[in-house]
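Peer 1: fold the following for me, if possible:
(5 chains, ligands or ions: 4)
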Amino acid sequence: MSKPPEVDAAQMRARYPDVFERPAAARLATPAMIVAAFAIFIYGLVDLDFSPSRLFNGLSQLGWISMMMIPPDPGSSLPLYLKAMGETLSIALLGTTLAALFALPVSLFAARNVVPSKLLRFPVRRLLDSIRGVDTLIWALVWINVVGLGPFAGVLAIAVSDFGAFGKLFSEAIEGADQKQVEGIRASGGSALHEIRFGLLPQVLPVIAGQVLYFIESNTRSATIIGIVGAGGIGLQLAEQIRVLEWQKVSFLILMILVAVAAIDFISGKLRFAIIGRRAVA
Amino acid sequence: MLVVEGLTCRFGAKAAVDDASFQVSPGGFVGVIGRSGAGKSTLLRTINRLATPTQGRILFDDIDVTALRGKELRQWRARSAMIFQQFNLVGRLDVLTNVLMGRLATMPAWRSLSQLWPEQDKALAMSALEQFDIASLAAQRADQLSGGQQQRVAIARALVQQPDIILADEPIASLDPRNTKIVMDALLRINKHFGITVLCNLHSLDLARSYCDRLIGMAQGRVVFDGAPAELTDHVARELYDLEAADVMGGTPVPAPEGIPALGTAAAA
Amino acid sequence: MLVVEGLTCRFGAKAAVDDASFQVSPGGFVGVIGRSGAGKSTLLRTINRLATPTQGRILFDDIDVTALRGKELRQWRARSAMIFQQFNLVGRLDVLTNVLMGRLATMPAWRSLSQLWPEQDKALAMSALEQFDIASLAAQRADQLSGGQQQRVAIARALVQQPDIILADEPIASLDPRNTKIVMDALLRINKHFGITVLCNLHSLDLARSYCDRLIGMAQGRVVFDGAPAELTDHVARELYDLEAADVMGGTPVPAPEGIPALGTAAAA
Amino acid sequence: MTLAVSILPEQQLAVLNVAYRKAVARKRLRLTAGAGLFVAALIVASIGAEVNLRTLFTYFGNFVSYFDRILTLDNGQRVWTNFGEWFWGWHNWLKLLAETLLISYVGTLIGAVFAFALNFFAAENTSPGPWLRFVVRRLLEFARTVPGIVFALIFVIAFGLGPMAGVLAIAIHSTGALGKLFSEIVENADMKPVEGIRSTGASWLSCMRFAILPQVSAGYVSYALLRFEINVREASVMGFVGAGGIGQELIVAIRKFYYSDVSAILVTIIVTVFLIDITTGWVRGRLFGKEART
Amino acid sequence: EDWKTKYPEITFAVIPAENGSGVTERYGPFVNYLSKELGIKVTLRVANDYAAVIEGQRAGNIHIGYYGPASFSRARLTGVKTDAFVIDVNADGSKGYYSVFYVLAKSPYQKVEELKGKNLGLVDPNSTSGNNMPRFKLNQMGIDPDAYFSKVIFTGSHENAVLALAQGTVDVAANWWNADDDSNLTRMLKKGMVKSADGTVMKKEDFRIIVKSDLIINSPYAYLSDLPDDMKAAIKKAFLEAAQKDPEAFKKLSDGKNKPWEPIANDDYNKTIELIKFVDNLRKKAS
Ligand SMILES: Nc1ncnc2c1ncn2[C@@H]1O[C@H](COP(=O)(O)OP(=O)(O)OP(=O)(O)O)[C@@H](O)[C@H]1O
Ligand SMILES: Nc1ncnc2c1ncn2[C@@H]1O[C@H](COP(=O)(O)OP(=O)(O)OP(=O)(O)O)[C@@H](O)[C@H]1O
Ligand SMILES: [Mg+2]
Ligand SMILES: [Mg+2]
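Peer 2: Ligands and ions are numbered 1, 2, ... in the order given. Okay, the predicted model is just below:
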């Protein structure tokens, strides 16, 4: 089969010099940034005492430590662990849901495509930053002052600190949404509320759902807040077993959490695909 | 009466619309023609205030559209229905809900936000869909439709707005002849029966000539022609499109396959 | 030689393509026509193996396209260039890179991944863009282009693939007459000069008649017509589109404005 | 008001409405059932979590009490009346902060690189095969479920004491967390460009590089920088391997009730978070470029 | 009594002092006893962080707290209105314990002076025997630990300190010590928890004490100062009588190791407070 003839590259080059020879600044910007990032990385490795020999010597050691974890064994504490798991799940569910409910409206004010005014966005974003910047331990202490020790303080502490993270994440998801669909609503005379409800939400809901479920998962895993406020929880059990180096129990607990995490991951997938739906035709 | 005065819309250095001025009297059916990239879409988008004009004014029945803000701006948008070239449907909502978006401006927020659409509006939306043969797809998600089906949903959305002016950006680009006729007839009908002004970007000069009272030709952002379809002479068409008039105005566009057309210098590849 | 045998493609209960069979000999220029939603896009997508056929076979020069996997499948896709109805460009990449995507299959991975495009390919891409009058937009982001400009980028991408067969899904839907002519002429030229088969969904019967050697008519997923353009009688067209033949085959589609068309039962009000 | 659309006769409408309702009924039912279940779960959870709104509102005034204390110097004055006293340890804190930033940077970067390499295999719409997806997903789950402290303990034994163990632990955890989040962005990406590129015969790798990556890179950046920020704050648990940094210093101040130090270190951290967030915004802006037109 | 109507429910907060696991089980019977004895509901909270207990007492919603000596002193020092009322008593009748420095027996070190440039493992910044006392002791020897040792690490718990030493992570570790047969080390050894880096189980002979501190007073139970006097009296009485009235519950608390509680006053902790102040001063001086 006869193929189309070749093009005269030299001629095209002469005609569109800037396409063929991009200015050095544009060409080198990305590589320069990568090199810089890499340089800091290498500096970090050296400064933090990384050495390949240590790494390789150590790798051989890893085996037997993992052996200590086998077989996973809950001892006699299985009912206790299951209860702790339940407690943790409810605290995480409630706290994260609260955080998401409050963060959603606030995140709109932090999103560039909803609030174009930088003046308005700036304080909202800084507020969210500050909330995130305050350690969870502090939030726990603050709420203990209000409602005392107990799971409720844990719920509130999770709600506040995740609020800061959600506000940021939601707003960035919103910024990534397709403006065309929003414009469709705007052109029909929809208010800002309508644009958000019908133009933005359907697009960002799967992302938001994924993030919320991820945070539930992450709160279920983490020991800090729930343990601090005296609500027990699976994380506290795990921390204890780590502290006393009961590796078999540790591995059992990790397995248990893994199952819960996989379950949440499964739900998350189902939920998001219920929203995303089957792929569109072209 | 739509009055456009010295309208300019820039993107960076490029003027997509450049000092455009014209008037459309109520009940007019005006076609906007011009080459791809001439600024037709931008013109319509500016009139709907989706793009902000860099300069110039738009007036409609003594309202200064360019100065509107807030609720009044929304009302103006509800009055001037826009049909987008790329449909701008919400892919994850079903077809009926997409059409109902056209009714948003007419109902209190609590109603629409909780999706408790009035029966009346649902009936209207369903009728609009049926008119374009796609009522059976009402429950399907918009992004699962074929191109032409999506386009018709977008048109239905604009019509249920019950607007005073329709800004249609190539509303029949993805439609087959039958649906083209249905859609253009529908536009014509509401134009003639109810005096709704229609401003319509069209690529087919045949259609433009048969449906429009008047044509506005654009080239590189400027209005270079404004007159009745009959005034669109060969000369003007050539200027607009850079083509032989015969090719533009219908008829067989190419010679039979033996005479294969060559294309300028770049005709390699 | 492209052979389609009993091809069926279902979405849930709906058969978008239903038991379609036909053959296209090398160098054919075949138009696919039919109403919106008839399954034209799905047909082309199945041939390119973007949609998986539920049943049936596709053969091309003794390759069983339906059975291809992995590298061979990619090679087949590289040989059969697809032009999408909704362009399917990468909005956030610039125009030139979008066109260069058509060359991906021809170069080693390290080259493309580091975006070190061969000079020759860049030249090819630029000349394809130039051919369609958009070389000046090479550095612009694809989603900042007008509808017609995007469509031309998509066509350029397909052409630089230097394919053996082109599957064009309404390649001129958003184009003005001049660009329509440029694009269709380009397709015709590569078809006639280089013997590249072209399968092209078209809504304009005028274009279909003047460019195609042969037309395939689809309705509700089935092939209901297959023959030379001349065989497309009034009767067939009516069956295809449910319209008066005169309306379909060019000519003035509507009576003058005084006779406002009525629309079936829905034309009350 | 003008009527652009004529309403169909009752009968015809009724038929269409019934068809529509039937079609959406199942979806509606699923939605209501799901929402019901969720609310029920919330109620059960709020009982389990001993939610007590009365205490909350009665003592809500106490909310500020901790902040009130940390904003007070030992001599009873507000912290901002005497910056020198407030930030007496700034020299040390900045050093610790820099150290933490470095640890977090290296850890997050390693994690992000691995997450980047793995996430396409974990996403439903881009994974080459369901098996691979299953394995990668479980791997990521494992990486983020095993607490960083466990990894750190193991690594200390294997590699000896020093920040390296902490950094590796952070890196593994970040891989798991980012891998999942990245893959979810990918799952939400528009597949039309992918089809466009796939139709040219491009390999899977090219499809990811040219169709998915431009859509998701901004999302990646924001997640990676958020993770960086989290790692800065949470490095404190790595304290016992010598990688605690500013976070550990903060915890010490909290536990020893050095009130004004708590607020001073907090301010340091918050300013860092500001800077990271502003950087995120800037990088994302560059990646998104000018907003797409319609 | 009207304090019962005013306090129908009180919170008893415990910090898992050493070996944290099973605190809830340990305290379960005792809390039941307390609840029965006082005639009101007692809620047990096991908080992972004493800062939480201190804050809770400050806000007045933890009525009884079980503190370590250092954290109690810290609470007093930061103005929490709480009073110690009983103190743990060891099996031998002593009311205190010691801080010691362990090294591995196979190592050559006999004195702190030989450990320059090695790694020191402390427990937790607020631990008396694991941080405050060791620093105090080192200071007496004229040693600034942060300059003297190559690394000073907070291992997080007494157990971790021992393990870090056993596995060679640190060369010397601080820990609490009661008597030759009662220390954190002996407890861990009994459980077979101490393994060296190559996995062999270690024995008591594998460790050597090179420094032993002055006596540190035991952990107190403390109630809020603002509680009604008769309520405080009732609580104190219930605690003092516990070993008699419900020996099972009391034994469970310490595996039968401890003698009955004895009354104590705040002033007995003045020495620990001094110690804390000393360490606090070190901090600001160091920077
Ligand atoms: N992913 C999908 N899910 C469900 N239905 C689909 C899907 N893709 C296509 N369809 C349906 O299949 C039918 C054929 O669609 P197709 O896109 O092939 O039509 P077409 O002939 O190209 O129409 P047009 O001219 O409007 O582009 C349509 O009714 C469409 O709604
Ligand atoms: N957001 C934008 N950024 C940069 N350039 C833009 C933007 N929007 C439009 N343009 C440019 O402005 C010009 C006019 O675009 P417009 O969409 O109005 O053309 P059009 O007449 O509708 O063309 P078509 O018939 O192809 O749809 C084009 O050259 C386009 O590239
Ligand atoms: Mg346009
Ligand atoms: Mg189609």
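Peer 1: only C-alpha atoms from now on, for both contacts and neighbour counts.
Peer 2: Noted.
Peer 1: low-confidence ranges, the stretch 151-269 of chain B, go.
Peer 2: By pLDDT under 70, the low-scoring segments of the stretch 151-269 of chain B are B:242-269.
Peer 1: again but with the stretch 151-294 of chain D, I slipped
Peer 2: Using pLDDT under 70, the stretch 151-294 of chain D drops low at D:160-161, D:239-243, D:288-294.
Peer 1: what of chain A?
Peer 2: For chain A (pLDDT under 70), the answer is A:1-6, A:60-69, A:74, A:223-224, A:232, A:243-245, A:277-282.
Peer 1: dead centre of it: give me the residue that sits there.
Peer 2: Residue closest to the average C-alpha location in chain A (C-alpha atoms, centre = their mean): A:Gln211, at 6.1 Å.
Peer 1: wait, that one touches D:Ser183, no?
Peer 2: No. Assessed by C-alpha atoms under 8 Å, A:Gln211 is found out of contact with D:Ser183, at 11.5 Å.
Peer 1: which non-adjacent residue is nearest A:Ser216?
Peer 2: Not quite, residue A:216 is Ile, not Ser. Spatial nearest neighbour of A:Ile216, excluding adjacent residues (C-alpha to C-alpha, 6 or more residues apart in numbering or on different chains): A:Ala92 at 5.4 Å.
Peer 1: what is the neighbour count of B:Asp19?
Peer 2: By other C-alpha atoms under 10 Å in any protein chain shown, 18 other residues sit near B:Asp19.
Peer 1: could you do D:Asn62 as well?
Peer 2: D:Asn62, neighbours per other C-alpha under 10 Å, totals 19.
Peer 1: look up how far ligand 2 lies from it.
Peer 2: According to C-alpha to the nearest ligand atom, to the nearest Å, D:Asn62 stands 52 Å off from ligand 2.
Peer 1: for residue 49, which residues are in contact?
Peer 2: By default, I'm working from chain A. By C-alpha atoms under 8 Å, 6 or more residues apart in numbering or on different chains, the residues touching A:Asp49 are D:Gly162, D:Pro163, D:Met164.
Peer 1: chain E is the one I meant
Peer 2: A:Gly227, A:Ile228, A:Val229, E:Ile15.
Peer 1: give me that answer again for 6 Å
Peer 2: A:Ile228 (C-alpha atoms under 6 Å, 6 or more residues apart in numbering or on different chains).
Peer 1: show me where the chain has its helices.
Peer 2: Because you didn't say which chain, this covers chain A. Along chain A, counting by DSSP state H, helices occupy A:9-15, A:17-20, A:24-47, A:52-68, A:78-109, A:118-133, A:136-147, A:151-175, A:179-187, A:192-194, A:201-221, A:224-228, A:234-243, A:247-276.
Peer 1: switch to chain E, that's the one I care about
Peer 2: E:2-6, E:23-38, E:50-59, E:69-77, E:133-140, E:145-148, E:158-166, E:184-190, E:229-245, E:247-254, E:270-286.
Peer 1: can you give the distance of the last one from its chain's centre?
Peer 2: Per C-alpha atoms, centre = their mean, to the nearest Å, the displacement of helix E:270-286 from the mean C-alpha position of its chain is 18 Å.
Peer 1: identify the residues contacting that helix?
Peer 2: E:Ser73.
Peer 1: buried set for it?
Peer 2: E:Thr272, E:Ile273, E:Leu275, E:Ile276, E:Lys277, E:Phe278, E:Val279 (16 or more other C-alpha atoms under 10 Å in any protein chain shown).
Peer 1: give me the mean pLDDT for that helix.
Peer 2: On average, the pLDDT along helix E:270-286 is 80.
Peer 1: what angle separates that helix from helix E:133-140?
Peer 2: Per axes from the mean of the first three to the mean of the last three C-alpha atoms, to 10 degrees, the angle that helix E:270-286 makes with helix E:133-140 is 60 degrees.
Peer 1: extract the C-alpha set from helix E:270-286 and format it as CSV.
Peer 2: In CSV, the C-alpha atoms belonging to helix E:270-286 read as follows (Å, rounded to 0.1, in the frame of the first residue of the first chain):
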residue,chain,number,x,y,z
ASN,E,270,6.9,18.6,97.2
LYS,E,271,10.1,16.9,96.5
THR,E,272,8.9,15.7,93.1
ILE,E,273,7.7,19.1,92.3
GLU,E,274,11.2,20.4,93.0
LEU,E,275,12.5,17.8,90.7
ILE,E,276,10.2,18.9,87.9
LYS,E,277,11.1,22.5,88.4
PHE,E,278,14.7,21.5,88.2
VAL,E,279,14.2,19.7,84.9
ASP,E,280,12.1,22.6,83.6
ASN,E,281,14.9,25.0,84.4
LEU,E,282,17.4,22.8,82.6
ARG,E,283,15.3,23.1,79.5
LYS,E,284,15.4,26.9,79.2
LYS,E,285,19.0,27.0,80.2
ALA,E,286,20.0,24.5,77.5
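Peer 1: and that helix with helix E:69-77, angle?
Peer 2: 80 degrees.
Peer 1: could you do the fifth one as well?
Peer 2: Interaxial angle of helix E:133-140 relative to helix E:69-77 (the same axes, to 10 degrees): 90 degrees.
Peer 1: can you tell me, leaving aside adjacent residues, what's nearest to B:Leu96?
Peer 2: Nearest to B:Leu96 is B:Ala138, by C-alpha to C-alpha, 6+ apart, at 4.9 Å.
Peer 1: need the pLDDT of the one you found.
Peer 2: The model's pLDDT for B:Ala138 equals 84.
Peer 1: state the number of residues packed around it.
Peer 2: Neighbours of B:Ala138 (other C-alpha under 10 Å): 26.
Peer 1: equivalent analysis for D:Gly166, please.
Peer 2: 31.
Peer 1: kindly report the same for the one 4 residues further on.
Peer 2: The number of residues packed around D:Ile170, counting by other C-alpha under 10 Å, is 31.
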